[in-house]
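Novice: Following is a predicted model, sequence given first.
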Amino acid sequence: MKIVTCIKQTFDTEAKITIENGKVSDQGVNLIVNPYDEFAVEESIRLKEKNGGEVVVVSVGNDKTQEALRYCLAMGADRAVLIQDPALENGDNHSAAVALAKLLADMEYDLIFCGKEAVDDGAAQVPSRLAEKLDLPQANVITSFELGDGQATVTREIDGGTETLEVQLPAVFSAQKGLNEVRYPSLPGIMKAKRKELKVVSLADLGLSAEDVAPKAELVQAELPPPRKAGRVLKGEVEEVVAELVKLLQEEAKVI
């Protein structure tokens, strides 16, 4: 069984965000594997351990992204591919999906796993865009996965509940928290990861141009939310406090 798992390197969820020249700065920030992608990597490795085969982790990024890919190799993935190109530095979800789809078009796979979304932008677009470009069925936000004969049975979250789907393979699946418990890389795994293949390819290697991955969305300006104002304590008789509260909700908060 051949499994491809798409990952993204993101900021640590506890990192303090700073803005420089209208953009989010990554200076001094710890970068990690996107948490939802970790569930995807874990599920891929579990399937390989149970059924045999190979797990290939792929990503779009820069030199720093190699650290995230090495982490996945230490978890138990077999090899990694990084798409790195200056034209992708300011890319969006469309750019990533185009590059990944072109890479995967020349690969053999039975399953493609992704995280349901990246915690840095929360767009949740790449899995669906990738499935569309590869003309594959998809199941997003899955919390359970069972492999069958030529198909997979999954449970996915929907508004107000869950639903169970039978999906013919090959297909794209995006992982949600609860799918599994993610392992930590072992010391032997970390040592082995240093010797595993990590291939870096450019857009030219994939037969793509900068125009092919030109973003559909442009980040014009990023800014931090205004600091939260201190709370107010209303004192006095109950009737007076209620009247003042209603007035504040109407005139200042404008919620009633």
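Specialist: Received, thanks. Numbering: from 1, shown residues only.

Novice: residue boundaries of the strands in the stretch 151-256 of the chain?
Specialist: Assigned by DSSP state E, counting those that start in this stretch, the strands in the stretch 151-256 of the chain fall at 151-158, 161-168, 171-175, 198-201.

Novice: Out of those, which one sits most buried?
Specialist: strand 171-175 (a mean of 26; mean count of other CB atoms under 10 Å). C-beta: built from backbone N, CA, C; applies to glycine.

Novice: would you list every one of the helices in the stretch 1-150 of the chain?
Specialist: 35-51, 65-75, 93-105, 126-134 (DSSP state H, counting those that start in this stretch).

Novice: If you could redo that for the stretch 151-256 of the chain, that was the one I meant.
Specialist: Taking DSSP H, counting those that start in this stretch as the criterion, the stretch 151-256 of the chain contains helices spanning 187-193, 203-206, 238-251.

Novice: between those helices, which gets nearest to M107?
Specialist: Distance to M107, taken as CB to CB, is lowest for helix 203-206 among the helices of the stretch 151-256 of the chain, at 11.4 Å.

Novice: which outside residues touch that closest one?
Specialist: Applying CB atoms under 8 Å, 6 or more residues apart in numbering, the external contacts of helix 203-206 come out as I83, D85, A87, L88, A99, K102, L103, S209, A210, D212, V213.

Novice: what's the answer for stretch 13-29, then?
Specialist: With contacts defined as CB under 8 Å, 6+ apart, stretch 13-29 is touched by F11, D12, N30, I32, P35, V119, L219, V220, Q221, A222, E223, L224.

Novice: Y109 versus the fifth one, what's the distance?
Specialist: Taking CB to CB, to the nearest Å as the criterion, P35 is separated from Y109 by 23 Å.

Novice: quick one, which of these two is more surrounded?
Specialist: Set P35 next to Y109 and count neighbours by other CB atoms under 10 Å: Y109 wins out with 21 against 17.

Novice: quick one, phi psi at the more buried one?
Specialist: phi -160, psi 150 (degrees, to the nearest 10).

Novice: the domain parsing of this structure - what is it?
Specialist: The record's domain parsing of the chain by automatic domain parsing lists 2-206, 230-256.

Novice: hey, which of these is tucked in deepest?
Specialist: Most buried among the domains of the chain, given mean count of other CB under 10 Å as the contact rule, is domain 2-206, at a mean of 18.

Novice: and the domains of the chain, which one is worst for confidence?
Specialist: Here the lowest mean pLDDT among the domains of the chain goes to domain 230-256, at a mean of 88.

Novice: what sits opposite F173 in the beta ladder?
Specialist: F173 has the following beta-bridge partners by DSSP bridges: F113, A139.

Novice: any idea how far L147 is from it?
Specialist: Applying CB to CB, the value for F173 to L147 is 11 Å.

Novice: swap in E49?
Specialist: According to CB to CB, E49 and L147 sit 12 Å apart.

Novice: again, but for P137
Specialist: Counting by CB to CB - P137 and L147 are separated by 15 Å.

Novice: same question, G52
Specialist: For G52 relative to L147 (CB to CB), the value is 12 Å.

Novice: Then I256?
Specialist: From I256 to L147 the distance is 53 Å (CB to CB).
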